[in-house]
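Chemist: Sequence first, predicted model second:
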Amino acid sequence: MEATTHGTGPIDSLKRWLQGELILPGEDRYEEHRRVWNGMIDKRPAAIARCDSRADVIATVNVARSNGLLLAVRGGGHSFAGFSTCDGGMVLDLSPMNAVEVDPDGQLARAGGGVTWGTFDAATHVHGLATTGGLISTTGIAGLTLGGGIGWLQRKYGLACDNLLSIELVTASGKAVRASADENPELFWGLRGGGGNFGVVTEFEFRLHPVSAVVGGLLLYPLERAPEVMRFYRQWLRDCPDELTTWLSAITAPAADFVPAELQGKPALAVLACHCGDLEDAGQAIAPLRDLDPAADLISSMPYPELQTMFDADLPPGIRCYQKAGYVAELSDPLIETIVEHASKAPSPSSTFDFHDMGGALSRVPDDATSFGDRQSPFCFNIVGVWKEPEADPVNLEWVRDFAAALEPFSTGGVYVNFTADADRVRAAYSAKKYERLRALKREHDPKNLFRLNQNIAP
């Protein structure tokens, strides 16, 4: 049962227990804190509990469970689907829990559930260390990691979830538990790919790696050259070193000085890259792509956190977003033709089609080592509609859906769970065996589905 809590017993109860800030409708900060990153999501929770500690999280979970309240858990608030808020229920906001503790000798970091990758990277970079952590610095570590965690360092060091050492979790019963390879190992398995289904993570412990400066950025080609570049790319990947993570993105070339005037505002193909090894090796690895004579070459040596911020300005809070995604087994000529045809019709210059290489270290992790859905498919695609005006919703939604329908014949049928919000696609993110294991964990730790505002696995 969903319940509105304003002015009722549950609110009074939470006020007694919560050490952090409780924000209610009508208060000065309510409008600021009810909003999330995706501007399409416009919901009005009855209470926002900004938790300062694990005790605050336990209190909030207990009040929501005991009173049958709809509960949304917010880490970074970057969910495309707006899972981190709700109408009439309670938001458990982890953003005040944003401390990062780094052990440089042990090469590990502990981070609160409300940390963003920008904060995490800043803390680890001081020590010349990093771990795989998404592609945008404003993304929260929690949602990205629990769903798997594609990122700039994935070919060398695996997904974000592959670098987890332990997790501190508050379950639906209000119990604080720890999960690692040695403690609650089955739960630890489920948390590495199963999303936010099993509780509220108050602390992550990550393995770190010696990454400081990287060679990264993008090469830009006119979209009419995309077939040539993409055919070359699929061959070149066969000998790509683990240190070099790349992906393709069909974009609209920006009106910027680094873009030739004749390409500005026109459809283009970007090859995005991050090499986390030796600088000389990076130059040799990227050279074949440069030999294709890009219209713009924006690849250079830079601090890793700087690369992480490259797209932040393109995806500010309040932007309107919608996505469809999947996996494909090969980058075939018919697929290339379909991509070029639909990418060229994007109604918004901010929209992209992203095509991720899923090879390297992440593909060598045993499939049953984590609950992450698909380590066999070599490519993952994501159609990302991004626009500003509400009146443009219909045309942009239609473009994403039509593009996805056109790619369906090429798809394996699976989907990366972090790239979907559709309830009927969550099942497709996992094999039958993994899904049943996840359901068993859900029945054990959240049998009444308190944590259902997510890519939900129903008990």
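Modeler: Looks like it came in fine. All of these numbers come straight from a predicted model, not from anything done at the bench.
Chemist: how about residue 146, secondary structure?
Modeler: Three-state call for residue 146 (DSSP: H, G, I helix; E, B strand; the rest coil): helix.
Chemist: er, residue 168 I mean
Modeler: Following three-state DSSP, the label given to residue 168 is strand.
Chemist: in the sheet, who's paired with it?
Modeler: Using DSSP bridges, the beta-bridge partners of residue 168 come out as residue 178, residue 203.
Chemist: Could you tell me how far it is located from residue 119?
Modeler: For residue 168, the distance to residue 119 equals 18 Å [Cβ to Cβ, to the nearest Å]. From N, CA and C alone the C-beta is placed, and that goes for glycine too.
Chemist: One more: residue 51?
Modeler: From residue 51 to residue 119 the distance is 17 Å (Cβ to Cβ).
Chemist: These two: which is more packed in?
Modeler: residue 51 (31 against 20; other Cβ atoms under 10 Å).
Chemist: okay but that one is in contact with residue 93, surely?
Modeler: Yes: at 6.5 Å, residue 51 counts as touching residue 93 under the criterion of Cβ atoms under 8 Å.
Chemist: tally of neighbours for the residue lying closest to residue 443 once chain neighbours are set aside?
Modeler: Closest residue to residue 443 apart from its sequence neighbours, by Cβ to Cβ, 6 or more residues apart in numbering: residue 459 at 4.4 Å. By other Cβ under 10 Å, 17 other residues sit near residue 459.
Chemist: likewise residue 256?
Modeler: With other Cβ under 10 Å as criterion, residue 256 counts 9.
Chemist: does it sit in a helix, a strand or a coil?
Modeler: Residue 256 - assigned by three-state DSSP - is coil.
Chemist: What number of residues are in the vicinity of residue 413?
Modeler: For residue 413, the neighbour count with other Cβ under 10 Å is 11.
Chemist: Report pLDDT for it.
Modeler: Predicted confidence (pLDDT) at residue 413: the value is 95.
Chemist: How about the one 3 residues further on?
Modeler: Reported pLDDT at residue 416 in the predicted model: 97.
Chemist: what does residue 202 give?
Modeler: Residue 202 carries a pLDDT value of 98.
Chemist: isn't residue 118 right up against residue 305?
Modeler: Yes: between residue 118 and residue 305 there is a contact under Cβ under 8 Å: 7.2 Å.
Chemist: any idea how far residue 276 lies from residue 222?
Modeler: 29 Å.
Chemist: what about the two, which has more around it?
Modeler: More crowded of residue 276 and residue 222, by other Cβ under 10 Å: residue 276, with 26 against 17.
Chemist: residue closest to the middle of this protein?
Modeler: Centroid check for the chain by Cα atoms, centre = their mean gives residue 144 as the closest residue, at 3.9 Å.
Chemist: what helix or strand does the residue lying closest to that one once chain neighbours are set aside sit in?
Modeler: Once flanking residues are discounted, residue 144 sits nearest to residue 134: 4.9 Å by Cβ to Cβ, 6+ apart. Using DSSP states H and E, residue 134 maps to neither a helix nor a strand.
Chemist: Residue 75: what's it in contact with?
Modeler: 84, 94-95, 113-115, 140-143, 201 (Cβ atoms under 8 Å, 6 or more residues apart in numbering).
Chemist: wait, I meant residue 417
Modeler: Listed by Cβ under 8 Å, 6+ apart, the contact set of residue 417 reads 147-148, 193, 195, 373, 426, 429-430, 455.
Chemist: any idea of the pLDDT on residue 3?
Modeler: 41.
Chemist: heads up, I number from 28, so please use that
Modeler: Got it, first residue is 28 now, which makes that one residue 30.
Chemist: what pLDDT, on average, does stretch 199-218 get?
Modeler: Stretch 199-218 comes out at a mean pLDDT of 98.
Chemist: What segments of the stretch 28-177 of the chain are helices?
Modeler: Ranges of helices in the stretch 28-177 of the chain, per DSSP state H, counting those that start in this stretch, are 36-44, 57-61, 81-93, 144-152, 168-174.
Chemist: pull the CA atoms of the second one into PDB?
Modeler: This means helix 57-61. Only the C-alpha atoms of helix 57-61 are listed here, as PDB (Å, rounded to 0.1, in the frame of the first residue of the first chain):
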ATOM      1  CA  TYR A  57      11.800  21.000  -0.700                       C
ATOM      2  CA  GLU A  58      11.700  22.100  -4.300                       C
ATOM      3  CA  GLU A  59      15.500  21.800  -4.600                       C
ATOM      4  CA  HIS A  60      15.700  18.300  -3.000                       C
ATOM      5  CA  ARG A  61      12.600  16.700  -4.600                       C
END
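Chemist: just checking, residue 364 is part of a helix?
Modeler: Yes: using three-state DSSP, the assignment for residue 364 is a helix.
Chemist: ok, so what distance separates it from residue 319?
Modeler: Note on residue 364: its distance to residue 319, by Cβ to Cβ, is 19 Å.
Chemist: so where's this structure uncertain?
Modeler: The model of the chain has pLDDT under 70 over residues 28-35.
Chemist: Distance of the nearest residue to residue 218 once chain neighbours are set aside relative to residue 225?
Modeler: Nearest non-adjacent residue to residue 218, counting by Cβ to Cβ, 6+ apart: residue 194, 5.5 Å away. For residue 194, the distance to residue 225 equals 10 Å [Cβ to Cβ].
Chemist: so what sits against both of the two?
Modeler: Here residue 194 and residue 225 have residue 218 as joint contacts, going by Cβ under 8 Å, 6+ apart.
Chemist: and this structure, what are its domains?
Modeler: What automatic domain parsing lists as the domains of the chain is 36-120, 127-237, 240-450.
Chemist: end-to-end on the shortest one?
Modeler: For domain 36-120, the first and last residues are 20 Å from each other (Cα to Cα, to the nearest Å).
Chemist: how about the strands in the stretch 278-427 of the chain?
Modeler: Taking DSSP state E, counting those that start in this stretch, the strands of the stretch 278-427 of the chain run over residues 294-302, 323-324, 327-330, 347-355, 379-384, 406-414.
Chemist: Same list (the ones you listed) but as TSV, adding mean neighbour count and distance to residue 44.
Modeler: Shown next, in TSV, are the strands of the stretch 278-427 of the chain (neighbours: other Cβ atoms under 10 Å; distance: least, Cβ to Cβ, whole Å):
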stretch	mean neighbour count	distance to residue 44
strand 294-302	25	44
strand 323-324	18	55
strand 327-330	14	42
strand 347-355	22	35
strand 379-384	22	43
strand 406-414	23	40
